[in-house]
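Colleague: only geometry, no sequence info:
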Ligand SMILES: Cc1ncc(COP(=O)(O)O)c(C=O)c1O
Ligand SMILES: N[C@@H](CCOP(=O)(O)O)C(=O)O
């Protein structure tokens, strides 16, 4: 109750959901190295509703808002003004650089052709101390208050502080399960504090929802401002396209997706088709599609939705904040992220770093980026001692969503890894499929990309870099149901040159009692001798 009472006593705050206008500098709590558990409960979320409880019966259901009002209308009654703001700046700029752009401009690259970053007014955010932010964020979890019920928009002040809540396009994404991998950790790694952050248990089945809600919301705002945005487009290995088409469909905005023909799963292909996107299946790989969408968005009023657009990363970074929050603001030792176009590893770094800079935690975890050996340009760069980056021709991999040879966010990834004492690992096809098989055998149902991340964990654990009691989080990036064909191939042992040692094929059995009893007895005996 510490934080709750702090908030309720705060002279600056009548409701923690809505920072109040023109607040003087909030008193800072002394900086401590140990963060005690913060529990924020039972905050008042709105002023008393005059229409509630007016029925004659004392048992009448009390509505939280007038019955003719929806949650957007309700949010309008609570509009707040504050001094938080954000702008685009060149990524990792020269300290003397003054180049910046409003987020309402349509710009993806700096003047020198480099990447951009969203820079927040940290001085304004620092007027509130870590305890304030922790309690504010905690108070919003698990609610349906627009837009804070979303795991992304519950951190709105740190994401897109200036957007009107009315312009937000959200599916209440985020707040994903942080799964304690008890059996996997114990059985395969001798670990007791292993966690899997299931970002793929989400609206469109991948972590891309976190960034797409931000990007499509900003597009919604731009279109209301009559900026020239006729549609939104992306190149994709299947997950970005699914998220883009779903969020655009929900806002009535046209979406255009460039997909590498025959290189994405059927489940991923059907997602944009079902959501009404304009789908181009192009006879090239992802890197080829990426090149084309960049050229097209430079010519046509189509807004670019890939993570080259730094808005996306503002949403994705909330997964890092959420992990800290789920551990009651205790910092894990390791976070392992599968990498392809390499926006997400930077997003994680940024989320952790912001929490440290704003006093919510006092350190950041070590980051590990895991790549498929068939598409491993970052791994090769890391192994060369960061000497020279060379793009590669990405080969086919079961981790098809990270079959990327020329990642646009290479500089962001290197920055994140260097500043988090990070490591890069790789996984062969057999390693990633076995890791997926092992994880599934302990009750998960992960995607092959998560298999890549688990392989990195297995290698680092076996070499002793990660210790048995290290608190470790593996980021699961997509839902396993998008990749059932790879599981079918594995379990039917139909993969050339792969032993598929964790395969569990179904047993064909005749439809008679004796045959069924025979196979069951054999099975039960094999289990009996094992345990
Ligand atoms: C399922 C999945 N996992 C991991 C990644 C890698 O993320 P990033 O491109 O941000 O490195 C992607 C997309 O590239 C993906 O779709
Ligand atoms: N895996 C991604 C590849 C594109 O990444 P992005 O983050 O730059 O959009 C996909 O699903 O398309």
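Modeller: Good, I have the coordinates. Just so it is clear, the structure is predicted and the values come from calculations on it, not from any experiment. Ligands and ions are numbered 1, 2, ... in the order given.
Colleague: what's the spacing between the most centrally placed residue in the chain and residue 435?
Modeller: With distances taken as C-alpha atoms, centre = their mean, the residue of the chain nearest its centroid is residue 207 (3.8 Å). Distance, residue 207 to residue 435, by C-beta to C-beta, to the nearest Å: 19 Å. C-beta: built from backbone N, CA, C; applies to glycine.
Colleague: And for residue 497?
Modeller: 17 Å.
Colleague: Give me the more crowded residue out of the two.
Modeller: residue 435 (27 against 6; other C-beta atoms under 10 Å).
Colleague: Averaged pLDDT, the strand or helix carrying the more buried one. What do you get?
Modeller: Assessed by DSSP states H and E, residue 435 sits inside helix 429-441. Mean pLDDT, helix 429-441: 98.
Colleague: do the same with stretch 233-246
Modeller: On average, stretch 233-246 scores 98.
Colleague: Counting neighbours, which bits of it end up buried?
Modeller: 233-246 (16 or more other C-beta atoms under 10 Å).
Colleague: For the stretch 401-531 of the chain, give the residue positioned nearest to ligand 2.
Modeller: residue 401 (4.1 Å; C-beta to the nearest ligand atom).
Colleague: what residues are up against the residue nearest to the centre of the chain?
Modeller: By C-beta atoms under 8 Å, 6 or more residues apart in numbering, the contact list for residue 207 reads 199, 200, 239, 316, 319, 344, 475, 477, 478.
Colleague: filter those residues down to the ones close to ligand 2.
Modeller: Checked against ligand 2 using C-beta under 6 Å from any ligand atom, the contacts of residue 207 yield the following neighbours: residue 239.
Colleague: Among the contacts of residue 207, name the ones in helices.
Modeller: If you go by DSSP state H, the contacts of residue 207 have 239, 316, 319, 344 in helices.
Colleague: With distance to residue 352 as added columns, please give these in CSV.
Modeller: Output for the ones in helices among the contacts of residue 207, formatted as CSV (distance: C-beta to C-beta, whole Å):
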residue, distance to residue 352
239, 22
316, 12
319, 10
344, 13
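Colleague: from those residues, which two are the most distant?
Modeller: 239 and 319 (14.1 Å; C-beta to C-beta).
Colleague: What is the burial count for residue 400?
Modeller: Count around residue 400 with other C-beta under 10 Å applied: 26.
Colleague: what does the one 4 residues further on give?
Modeller: With neighbours defined by other C-beta under 10 Å, the count for residue 404 comes to 26.
Colleague: Quick check: it touching residue 392?
Modeller: No. Counting by C-beta atoms under 8 Å, residue 404 does not reach residue 392; the two are 9.3 Å apart.
Colleague: overlap in contacts of these two?
Modeller: residue 375.
Colleague: For the stretch 101-250 of the chain, which segments count as helices?
Modeller: 122-125, 130-140, 156-159, 182-184, 208-224, 239-251 (DSSP state H, counting those that start in this stretch).
Colleague: mind listing what's buried in the longest one?
Modeller: When you say that, I think you mean helix 208-224. Buried-residue list, helix 208-224, by 16+ other C-beta under 10 Å: 208-223.
Colleague: average pLDDT across it?
Modeller: 98.
Colleague: For the protein, name the helix or strand with the lowest mean pLDDT.
Modeller: Every helix and strand of the chain was ranked by mean pLDDT, DSSP states H and E. The lowest is helix 2-9, at a mean of 39.
Colleague: so the residue lying farthest from the centre of the chain is in which element?
Modeller: For the chain, the largest distance from the centre (C-alpha atoms, centre = their mean) belongs to residue 514, which lies 51.0 Å off. In the assignment (DSSP H and E), residue 514 maps to helix 513-530.
Colleague: distance between that helix and the chain's centre?
Modeller: Mean C-alpha position of helix 513-530 versus that of the full chain (C-alpha atoms, centre = their mean, to the nearest Å) differs by 44 Å.
Colleague: Ok, stretch 87-106 next?
Modeller: 24 Å.
Colleague: Residues of the stretch 101-250 of the chain that sit close to ligand 2?
Modeller: 234, 236, 237, 238, 239, 240, 241.
Colleague: Can I have the buried ones of the ones in helices among the contacts of residue 207 as a ChimeraX selection?
Modeller: In ChimeraX syntax, the buried subset of the ones in helices among the contacts of residue 207 is picked out as below (16+ other C-beta under 10 Å):
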select :239,316,319,344
